[in-house]
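**Student:** Here is a sequence with its predicted model. Questions after.
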Amino acid sequence: ACERMLFQALEAAPEDIDTVLNCATYLWEVREEPEAARQMALRALKVRPDHVGALCQYAVIQLKMGGDPQRALETMERARRIDPSNEFVVEGEAWFRAQKAKIEADAAAAERERREVE
């Protein structure tokens with residue numbers, strides 16, 4: 001019933017940013033449909049390209065889906081430029097930097113291991 005109401009609200013107000021973001025969250029967390037969630041977050045950015053919440057949500061989904069960590073970080077940096085005092089954005093950007101560093105370190109270790117096997 002809750003899902004039906006959420007998507008009916010989206011149908012009734014397809015450009016309501018909060019509804020679009022709520023649908024993206026629902027798709028990610030409840031239905032566990034990452035690509036659908038990514039598409040919904042992208043839809044939110046088409047509605048409001050400078051919406052900090054939409055930028056953050058899209059960046060998180062990008063990174064968690066295995067996307068380019070640099071692009072995800074750039075999306076978070078864009079959110080910080082829009083709202084530099086937003087605690088979530090500041091903390092999120094720091095988390096993204098740490099995740100990017102970890103991904104790069106893991107890739108370098110895998111490359112070293114590959115070379116040792118050759």
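**Tutor:** It's in.
**Student:** Which helix or strand contains residue 89?
**Tutor:** Per DSSP states H and E: residue 89 is located in helix 87-117.
**Student:** in that helix, what counts as buried?
**Tutor:** In terms of neighbour count (16 or more other CB atoms under 10 Å), helix 87-117 has its buried residues at 89, 92-93, 96, 99-100, 103. The C-beta positions use only the backbone N, C-alpha and C, and glycine is treated the same way.
**Student:** Show the average pLDDT along it.
**Tutor:** Per-region confidence: helix 87-117 scores 87 on mean pLDDT.
**Student:** for stretch 73-84, same thing?
**Tutor:** 91.
**Student:** Could you give the separation between the terminal residues of stretch 81-91?
**Tutor:** 14 Å (CA to CA, to the nearest Å).
**Student:** repeat for stretch 26-43
**Tutor:** Per CA to CA, stretch 26-43 runs 14 Å from first to last residue.
**Student:** Can you list the neighbours in contact with that stretch?
**Tutor:** Defining contact as CB atoms under 8 Å, 6 or more residues apart in numbering, one finds that stretch 26-43 is touched by 3, 6, 20-21, 23-25, 54, 57-58, 61-62, 64-65.
**Student:** out of those, which are buried?
**Tutor:** Counted by 16+ other CB under 10 Å, the contacts of stretch 26-43 give 6, 20-21, 23-25, 54, 57-58, 61-62 as buried.
**Student:** so of those residues, which ones are in helices?
**Tutor:** 6, 20-21, 23-25, 54, 57-58, 61-62 (DSSP state H).
**Student:** wait, which of the residues you listed is closest to residue 74?
**Tutor:** Ranked by distance to residue 74 (CB to CB), these are led by residue 62 at 9.9 Å.
**Student:** Check the burial of the spatially closest residue to the closest one that is not a sequence neighbour by counting its neighbours.
**Tutor:** Closest residue to residue 62 in three dimensions, ignoring its sequence neighbours and counting by CB to CB, 6 or more residues apart in numbering: residue 72, at 4.2 Å. The local packing of residue 72 (other CB atoms under 10 Å) involves 22 other residues.
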